[in-house]
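A.B. asks: The sequence and its predicted three-dimensional model are supplied below.
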Amino acid sequence: MKTAEIKNAVLEFIKKNPGSNLEQIKVATKTSDILIRGAIKALQQENVILKVGENGIYSMQSKSQALVESVVKPEAKAAKKKEEDLGPKHVPGGSSRDVTRYKFLEQKSLSKSRLVHLLVKTYIEKHPKVTLAKLQEVFHSKELQPRFEVFAEVSIAKRFVKSNVSRHFLRPEELLRLASGTKIAVCNQWTKNGIDELIKIMASPEVAFKVKVDSAS
């Protein structure tokens, strides 16, 4: 089969079967790997066909946009889901690598997650009879962290453990106990934006916790 014939065979197959991969094209045209790759490369250079996404599938240019959306959108949704798992996003212009450290009471150089743990722990110590519902209200638990909450009962927090990675402080010495006997685990997934919002809440007259920036990125 001549080069032009191979190109035409590949082209006709992709026309009828948009979204086909290299192996499917080889089987259908009964052509060697190297010749098929050459034909595909030539058709791409001529802007006749397009490789879609990272999955190695091909389509005609005229049909590519719909196919691109069908392939890329699920990947985008997965990326978005991953971002949601990390809690509140940074404010526009914020750095994804923010390493700001904080000071609260006598504790210095606290990371975001350790600051939150200390805030919750201190509030419980100052209000030993606080209920879980009241604590959630004070810390705006579900508003600040819709997925993980600022803290969660241990049984709930364990549901988020994946591949031995926890979204909460779950070591026995890190768990906090309420007067009712309920044990809670504080979320360890925080961004600068989320912490800034929490610090504002903690500074309210009801709580009156003063957090200072110890060092900034």
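C.D. replies: Ah, there it is. Residues are numbered from 1 along each chain as shown.

A.B. asks: C-alpha from now on. contacts and neighbour counts both.
C.D. replies: Noted.

A.B. asks: okay, now the domains of this structure?
C.D. replies: Following automatic domain parsing, one gets these domains for the chain: 3-65, 101-215.

A.B. asks: By mean pLDDT, show me the worst of those.
C.D. replies: Among those, domain 3-65 carries the lowest mean pLDDT, at a mean of 79.

A.B. asks: these two touch, right, residue 160 and residue 170?
C.D. replies: No - with contacts defined as C-alpha atoms under 8 Å, residue 160 does not count as touching residue 170, sitting 11.0 Å away.

A.B. asks: okay, stretch 106-124 in CSV with CA atoms only?
C.D. replies: Extracted in CSV, the C-alpha atoms of stretch 106-124 (Å, rounded to 0.1, in the frame of the first residue of the first chain):
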residue,chain,number,x,y,z
GLU,A,106,3.1,31.6,73.8
GLN,A,107,3.4,29.4,70.8
LYS,A,108,5.5,30.8,67.9
SER,A,109,6.2,29.7,64.3
LEU,A,110,2.9,27.8,64.0
SER,A,111,1.9,26.4,60.6
LYS,A,112,-1.6,27.0,59.4
SER,A,113,-2.9,23.6,60.5
ARG,A,114,-1.1,23.7,63.9
LEU,A,115,-2.5,27.1,64.5
VAL,A,116,-6.1,25.9,64.0
HIS,A,117,-5.4,22.9,66.2
LEU,A,118,-4.2,25.2,69.0
LEU,A,119,-7.2,27.5,68.6
VAL,A,120,-9.7,24.8,68.9
LYS,A,121,-7.8,23.2,71.8
THR,A,122,-7.6,26.5,73.7
TYR,A,123,-11.2,27.3,73.2
ILE,A,124,-12.2,23.9,74.6
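
A.B. asks: buried stuff in that stretch?
C.D. replies: By neighbour count with 16 or more other C-alpha atoms under 10 Å, stretch 106-124 contains the buried residues 109-121, 123-124.

A.B. asks: I'd like to know which of those are part of strands.
C.D. replies: For the buried residues of stretch 106-124, the ones inside strands are 109, 110, with DSSP state E as the criterion.

A.B. asks: quick one: which of the buried residues of stretch 106-124 is nearest to residue 195?
C.D. replies: Nearest to residue 195 among those is residue 112, at 6.7 Å by C-alpha to C-alpha.

A.B. asks: Look at residue 160 and residue 170 and report which has more neighbours.
C.D. replies: residue 170 (19 against 16; other C-alpha atoms under 10 Å).

A.B. asks: for the more buried one, helix, strand, or coil?
C.D. replies: Three-state call for residue 170 (DSSP: H, G, I helix; E, B strand; the rest coil): coil.

A.B. asks: quick one: it and residue 187 touch, right?
C.D. replies: No - with contacts defined as C-alpha under 8 Å, residue 170 does not count as touching residue 187, sitting 9.2 Å away.

A.B. asks: excluding its backbone neighbours, what's nearest residue 113?
C.D. replies: Once flanking residues are discounted, residue 113 sits nearest to residue 188: 4.7 Å by C-alpha to C-alpha, 6 or more residues apart in numbering.

A.B. asks: any idea how far that neighbour is from residue 149?
C.D. replies: 10 Å (C-alpha to C-alpha, to the nearest Å).
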